[in-house]
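Undergrad: Any chance you could fold what I've pasted below:
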Amino acid sequence: MEKRSDKCQRGQDLGDISLCKDSRTGTGILVFSTAAVHCESPFFYHKDYFPDAAWWNTLKDLKSYTIGGVRGYWYEADFAKAGLNVKYTTHPEESLKKLQVGRIQLFPVTDVVGWHLVEKLFPDSKNRFGTLEKPYDTVPAYLMVSKAYPNSEHLLKQFDEMFQKTKETGEYQNVLKKNKIAE
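TA: Okay, here's the model as predicted:
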């Protein structure tokens with residue numbers, strides 16, 4: 001299955017919300033908006049199998065746990081370097097399902113996506129999930145558009161202008177608050 005970001009780079013798709021640590025570097029194929037939001041990526045756990053949430057300082061502190069992950073996600077190199085025991089899947093839903101049945105103990109995913117999937121997949125047991133206090137990381141989310149897409153830079157300029165207006169009117173802050181997202 002082809003990723004939306006691959007289609008975006010070729011100009012076949014308008015864009016994608018991409019979570020990037022440093023969006024201003026790379027191939028030069030994409031143009032980026034201003035940061036729309038900063039997303040935390042905590043480690044999710046299931047309270048039935050991991051009742052005493054761990055505290056960690058470095059990834060090496062998590063070596064005794066089985067971590068879930070998604071192939072191709074931003075953390076793969078860090079996990080390999082730390083020597084973590086990681087069971088990879090192809091989709092976040094699969095990792096959350098492994099977490100729910102105790103096949104993994106921790107799974108990093110952005111808080112918005114993680115809690116949305118928990119609500120979608122396990123609405124009757126969502127209170128059985130938790131997150132470690134310290135997030136794996138916090139990354140800015142940008143709208144990315146291929147330079148090959150017609151008028152891409154103009155579209156991003158329009159997006160940035162309208163985004164700034166929503167911030168000035170308080171609409172942006174209301175959306176964040178409604179969805180329990182930190183600014």
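
Undergrad: Show the end-to-end separation of stretch 136-155, please.
TA: Its start and end residues considered, stretch 136-155 measures 32 Å (Cα to Cα, to the nearest Å).

Undergrad: Same question for stretch 28-46.
TA: End-to-end distance for stretch 28-46: 40 Å, by Cα to Cα.

Undergrad: average pLDDT across that stretch?
TA: Averaging pLDDT along stretch 28-46 yields 85.

Undergrad: Give me the buried positions along it.
TA: Neighbour-count burial for stretch 28-46, counted by 16 or more other Cβ atoms under 10 Å, picks out 30-33, 37, 39-46. C-betas here are computed from N, CA, C, even on glycine.

Undergrad: Is it possible to get CSV of the residues you listed that adds distance to residue 62 and secondary structure?
TA: What follows is those, written out as CSV (distance: Cβ to Cβ, whole Å; DSSP: H, G, I helix; E, B strand; the rest coil):
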residue, distance to residue 62, secondary structure
30, 32, strand
31, 36, strand
32, 31, strand
33, 33, coil
37, 26, strand
39, 20, strand
40, 17, strand
41, 14, strand
42, 13, coil
43, 8, strand
44, 13, strand
45, 11, strand
46, 16, strand
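
Undergrad: In those, find the pair that's most separated.
TA: Largest separation among those by Cβ to Cβ: 31 and 46, giving 39.9 Å.

Undergrad: How is the protein divided into domains?
TA: Structurally, the chain divides into domains by automatic domain parsing as follows: 4-37+138-178, 43-134.

Undergrad: Most tightly packed of those domains?
TA: Ranked by average neighbour count under the criterion mean count of other Cβ atoms under 10 Å, the domains of the chain are headed by domain 43-134 at a mean of 16.

Undergrad: how long is it from one end to the other?
TA: 8 Å.

Undergrad: Kindly report the same for stretch 38-50.
TA: Counting by Cα to Cα, you get 28 Å between the two ends of stretch 38-50.

Undergrad: Please enumerate the helices of the chain.
TA: In the chain, the segments counted as helices under DSSP state H are 4-9, 76-82, 92-100, 111-121, 152-169, 171-178.

Undergrad: what's the closest of those helices to residue 131?
TA: Across the helices of the chain, closest to residue 131 is helix 111-121 (Cβ to Cβ), at 6.9 Å.

Undergrad: Report the inter-axis angle for the closest one versus helix 92-100.
TA: Calculated by axes from the mean of the first three to the mean of the last three Cα atoms, to 10 degrees, helix 111-121 forms an angle of 70 degrees with helix 92-100.
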